[in-house]
Structure formats: C-alpha cells, structure tokens
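A.B. asks: model the structure of this input:
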Amino acid sequence: SKADTPTELTGRWVIVEVDGTGTVDSEIRPYINFTDSGTVNGHASVNSFFGTFSVSGDSIAFEQMGITLMTAPDMDTETAIMAAIGKWAKAEIKDSILNAIDAEGNVVMTMKRD
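C.D. replies: Just a heads-up that it's a prediction; the model follows:
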C-alpha cells in the first residue's frame, strides 16, 4: 500500500552491480525506478520491466512483474538482474547506495541513486 512505501526508496536507481559483476558494459544503462504509488519499472539492459512492489520494514516484495520480449546477443546482464529481483527480500540503503539482499542475507544487486 502507498502508506508503506518508504520515501527513501522512491526514485530512480542505477544498477551498478549484479551478482558481483559490474553492468558498465551494458548498451543501455540498467536502472530500477520505484514510485510512491507502489509501482516499479526499469530497464534490465535489453528489455524494460514493470510491476508492483510493497514494503514492510526493510522487507520488500515484488508482484505482477512483466518484461518486454526483445532479444539481444548478450542477455547475461538482463538474466542476472531479473534473477536478482526475483531473489530480492530486503532493501538496505546507506549513503545513496541501495543493496538488494536475498533471504540468506547475500547482496544480489547494488544500485546507486541516479
């Protein structure tokens, strides 16, 4: 719900690292954008994705996620980003860095404020 959305999450975050690998080589710079109305959208380097999210404390859940269906010679970054979003359980923000943390406590994706 809207009331649960932390204002510190709202906005656009550049995805700088996923599963320990930098995204600097991507043709389109991947990002994720959280709105204060509970929708999420972004670009995974080849395709755009979209859906809804909800938060409770530092826990985060994504729902109704969809993605456009273009293909490209290199889908590795995109595959890793979508997998990381699928595993994302907690959001940790410190010094304009947003870490996606999985259920085991591992950082699966790192973003910085755009």
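
A.B. asks: what helices and strands are in contact with the helix or strand bottoming out on mean pLDDT in the chain?
C.D. replies: When each helix and strand of the chain is scored by mean pLDDT, DSSP states H and E, strand 21-22 comes last, with a mean of 90. Helices and strands touching strand 21-22, as assessed by 3 or more C-beta pairs under 8 Å, 6 or more residues apart in numbering; DSSP states H and E, are absent. For glycine as for every other residue, the C-beta is placed from the backbone atoms N, C-alpha and C.

A.B. asks: which residues are contacting that strand?
C.D. replies: Residues outside strand 21-22 that contact it (C-beta atoms under 8 Å, 6 or more residues apart in numbering): 16, 77, 80.

A.B. asks: direction included, what does that strand pair against?
C.D. replies: Strands that pair with strand 21-22, judged by DSSP bridges, come out as strand 11-18 (antiparallel).

A.B. asks: coming back round to it: who wins for most neighbours among the contacts of strand 21-22?
C.D. replies: Neighbour counts for those (other C-beta atoms under 10 Å) peak at T77, which has 24 neighbours.
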